[in-house]
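**Q** what follows is a predicted structure for the sequence shown.
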Amino acid sequence: MELKTIAQSLHEYEKKVLPRIRQNPLLNHLAEASGLQEVEVSRALQWLSNKKLITVNTEEKEIIELDENGKKYQQQGLPERRLLTELTNKPTPANELAKKANLNQEEMHACIGLLRRQNAFHITKNEDLLLSITPQGTKLLAEGFPGENILRKSFPLKTVFLTDQEKQEITELTKRKKIINIEKKKIISAQLTTAGEKLLAEENLDTDFIERLTPEMIKTGNWKGKNFRRYDVEVQVPAINGGRKHFENEAVEYIKRIWLDMGFKEMTGNFVHSAFWDLDALFVPQDHPAREMQDTFYIPGKAKLPAIWTKIKEAHENGAGTGSRGWQYKYSKQEAEKILLRTHTTVLSARTIANLKKEDLPAKFFAVGKVFRNEALDWKHLFEFYQVDGIVVDPNANLKHLKGYLRQFYKKMGFPGVRMRPAHFPYTEPSLEVDVFHPVKKEWVEFGGAGIFRPEVVKPLLGFDCPVLAWGQGMGRYVSEYWKLTDIRQLNNNDLKQLREIKTWLK
Amino acid sequence: MPKVTFSKKEIEKIIGKKLPIEQLKDRISMIGTDLENIEGDEITVEIFPNRPDWLSEQGFGRSLASFLGTKKGLRKYTIKKSNYKVIVDSSVTMRPYTVCAVVKKITFTDQRIKEIMQMQEKLATTHGRNRKKSAYGIYPLKNIHFPIKYIAKDPNKVMFQPLGHDKKIPAIQVEELHKTGKAYKHIAQDWKKYPFFIDSKENVMCMLPYTNSQDTGKVELDTHEIFIECTGTNLANIKSALNMFVTMFADMGGEIHSVEMICPEKKFTSPDLTPTKMKIDITYVNKILELNLKEKDMKQLLEKMGYGYEKGHALIPAYRADILHQVDLIEDIAIAYGYENFEEEIPNVSTIGQEDPFEILLRKIKEIIVGRGFIETETFHLSNKKILAKNMMNNAQLIKLQNSISEDFDYLRHSLLPQQLEILSKNTHNEYPQNIFSTGKIFLEDTTTETGIREEKHLVMLLCHAKTDYTAIRQEIEHILKLLDKKCTIKTTEHPSFISGRTATIFYKNKEIGTLGEIRPQVLENFGLNMPVVGCEINLEDFIGE
């Protein structure tokens, strides 16, 4: 950039600082000389340095000061000297010595340890601790203790003026409580570059540039004939945040949109259901392992059952005229009346089918909602999470259609390759597991279950048998992958920084 | 789902050929298991609960051999008639059914014993529902004297040496001393007497549902003849379990011998390997699968899955426990046809998509609030008493879960506000202002509903920064209500969580629908917050359906 252009882009602060650098290279002096705050000078220096008009030099200096105990010991002597001075050849109780030397318990403790390492005293253990001086102790008293030398100096000290021996002693003293305090100070200084010198020599910094365009100026027109100060448009600006939806809900909305576009109606409903609706109506046997306490959240109480409960009972016991032999056990009404938090959104499919009439067909429904599992929260398990469910109730539906709908859905989710593999669910037959081909991992990844509802499910609920294509899958996998979450709990920990800054769902 | 490990060499021996590893992986997946991996000689698969007959190498290999076409169709097994007798006493009401069999001419190896134990254990867990529905025992034949009695006895009066135990103990002590006793005693919690198998010399063979005895119940390398018993609460269940055992042993080269079961009401011979006949309607098959199979095609596909076929009927092997309806056969036909071979198709059916009206309203409300710069949070529907009540200084009626394994999440929330304050308390290191909102369900007791619980959709909004106040939150709410065209009135009120004199109730059509105000400093302190918070929670239920 030309010097002229640079001169036109100088901020008021920069204009105040630049001419004063030659006389006052230090930041604090510049502040004094320019009448600006130190932060303002600091910003000006940064900008000027960006424009290559100056170089900024930051030096770290250590200033060594005496702390609370240090000041005390400077006058009274180090605790170890005071203790050793009181010692004689006669074994004397430690607490008596402490009193004489005026040492508190902590100091006493520290210097007994220190002196013992140097063999400065004998210890006799009586009821009390008895101490007496050794020849080494006497010698130590005469030669002086490490650190005493330092304490005699006048503070503050600067590291640069210390010998290696002194530095070592200071390091030792810093390990002790409140003797030495080392403060690190940044000394910032600036120096003009050749370009800076040249600019000062050749350009006029007093030109009156417009800083901010005001309504007043526009009204009066006195902007005419003047120049605007040039901004450094490439410099970083502070980040701002806005309101936004939770990122997981962005994904939920997208998934809902896919099904809506494919002509599906949305199903919603309660989270609290009877075991009857959540499980029995879907022909899950009453002794199925998933119904046990450790997997499902139960709520105390007894639910009211709808009139069709007797038909479901028959389906379980003997197939209810569907051509099935049923589970061949005695159905328990009590088990059906248990209250639980829904274990899958498929419960909404069961309730929807129960409300359909022949003239409503064909009909297609979907649900996206939270489901619950009695699990401990950890990095890969949540006790509540989203599930996506869908059903197609159509007298002409078949397995190929099921494959078609799912293929379409996964394509829109970004997975062109879909594979169906045999699986088992108590309420579908045929049952299948849907794998998608992961474009990055280059392997098949299990994504969800699907199938055609069993006649034992459909006939009691709908009143007649009809193929019902059905599927259900978690969403955790898309969401974790899309946002590269390493811990599934990040979905619900509501860290506002993350919620503000995480990228938006771009599908 | 139970995970089992098979020897690849054994499986290859059973299916009669070696496949390239990728092809083997593919076939194992496509027959209907969750293949974990194949490493060295170990094949690890998860078996779906409908195929307990695949828990043994022999059972799984048998199906795979049919599927691969090396040995198709219904297998024939012969049962030699013998004079072994088991007498079922009428006292075993707590576990009334048993079926038994004898198998001879088998050779055990360490590997085989391990494999049989794996199958026995996994079968009892799944098919036997952790031994509650059924359990199974295997004994060397040579130590047993027939006829055997299946009888219930007072466990205080029976002495025996449980498997792996060093001495005889009273049977009642098994529940305290033996690991199976500790693990399964819940099954017997209402029993006064326990079922035992006792031979004609009064030797205790086993105590149910726990353990065999050390004297009669330990299969060893020199064992060549065995007695098998299955007991349980459902006859069909134990019959299929026994059939899984005897066909497994027969496939190992064993010879099945019958046992006469003498029950109080009737006698029968066990095991029964007669296949079940089920009618199969080819039109229905073709409709569901959208195929055009001829009868002979269907017969071939059924045979590929180990069935027989006879004039419109499938012959179901006696070890299959999962065929309830012809749809179960259709699934197997589809598997035999190959799931990968079905073309996908989007049918030309016109239906109109429709979003739930409440969801539309929620979406609109969220858009308005996001436009005001609020951040949406997502919280769980479960929390705890400290957050929901204690910190909020209220004593609301909370609904507790019966069995939550976590003390941090053992109550259903009755309000959205507490968890939002919890969020603020976890974000004190982040930039202010922190203006957040959320929508979601809350749970209240209500005896008029089906479950005794009413669910309401609420909206919560909080402003948290140094200069916020009642006016600020009131403005936010009025802004939303104005855009939703809902005319509400605001009246002063008192609330344990809000500052007195700075709290209001929102009325809509003369019904209280929400509260707004400045949060009490004591509540803020309870949450560890030192920034003022104002907030509002509204029930949205009445805004819908208009």
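**A** Good, I have the coordinates.

**Q** switch to C-alpha atoms for all contacts and neighbour counts from now on
**A** Noted.

**Q** residues touching B:K487, list them.
**A** By C-alpha atoms under 8 Å, 6 or more residues apart in numbering or on different chains, the residues touching B:K487 are B:481, B:508.

**Q** how about it, phi and psi?
**A** phi -90, psi 110 (degrees, to the nearest 10).

**Q** again with B:E537
**A** When read as degrees, to the nearest 10, the backbone of B:E537 gives phi -130, psi 130.

**Q** that one and B:M461 touch, don't they?
**A** Yes - using C-alpha atoms under 8 Å, B:E537 is in contact with B:M461, at 6.6 Å.

**Q** now the nearest residue to B:L412 once chain neighbours are set aside: how far from A:E335?
**A** Distance criterion C-alpha to C-alpha, 6 or more residues apart in numbering or on different chains; nearest residue to B:L412, sequence neighbours excluded, is B:L382 at 4.8 Å. For B:L382, the distance to A:E335 (C-alpha to C-alpha, to the nearest Å) stands at 24 Å.

**Q** can you report how many residues lie near B:E265?
**A** Applying other C-alpha atoms under 10 Å in any protein chain shown, we find 7 residues neighbouring B:E265.

**Q** so for it, what's the pLDDT?
**A** B:E265 carries a pLDDT value of 88.

**Q** wasn't it part of a strand?
**A** No - counting by DSSP: H, G, I helix; E, B strand; the rest coil, B:E265 is not found in a strand; it is coil.

**Q** got the phi/psi numbers for it?
**A** Dihedral angles (degrees, to the nearest 10) for B:E265: phi -100, psi -30.

**Q** tell me the contacts of it?
**A** Applying C-alpha under 8 Å, 6+ apart, no residues contact B:E265.

**Q** which SS class is A:L205?
**A** A:L205 - assigned by three-state DSSP - is coil.

**Q** on that earlier part again, more neighbours, B:L382 and A:E335?
**A** Set B:L382 next to A:E335 and count neighbours by other C-alpha under 10 Å: B:L382 wins out with 21 against 16.

**Q** tell me the confidence at the more buried one?
**A** Value for B:L382, per-residue pLDDT: 97.

**Q** that one and B:L416 touch, don't they?
**A** No - B:L382 lies out of contact with B:L416 (C-alpha under 8 Å); the separation is 10.6 Å.

**Q** residues from the stretch 201-350 of chain A in reach of chain B?
**A** Taking C-alpha under 8 Å from any C-alpha of the partner chain, the part of the stretch 201-350 of chain A that reaches chain B is made up of A:242-246, A:259-268, A:270, A:272-274, A:287-289, A:293-294, A:297-305, A:323-327, A:329, A:339.

**Q** how about residues contacting the helix or strand B:F249 falls within?
**A** B:F249 belongs to helix B:235-251 when assigned by DSSP states H and E. By C-alpha under 8 Å, 6+ apart, the residues outside helix B:235-251 that reach it are B:53, B:56, B:58-59, B:77, B:97-101, B:103, B:106, B:123, B:127-128, B:133-134, B:228-232, B:255-256, B:271-273, B:318-321.

**Q** and the residues of the stretch 201-350 of chain A next to chain B, which of them are buried?
**A** Neighbour counting by 16 or more other C-alpha atoms under 10 Å in any protein chain shown classes A:243-246, A:259-260, A:262-268, A:270, A:272-274, A:289, A:297-299, A:302-305, A:323-327, A:329, A:339 among those as buried.

**Q** list buried residues within the contacts of helix B:235-251.
**A** Among the contacts of helix B:235-251, the ones that count as buried by 16+ other C-alpha under 10 Å are B:53, B:56, B:58-59, B:97-101, B:103, B:106, B:123, B:127-128, B:133-134, B:228-232, B:255-256, B:271-273, B:318-321.

**Q** in helices, which of those residues fall?
**A** B:58-59, B:123 (DSSP state H).
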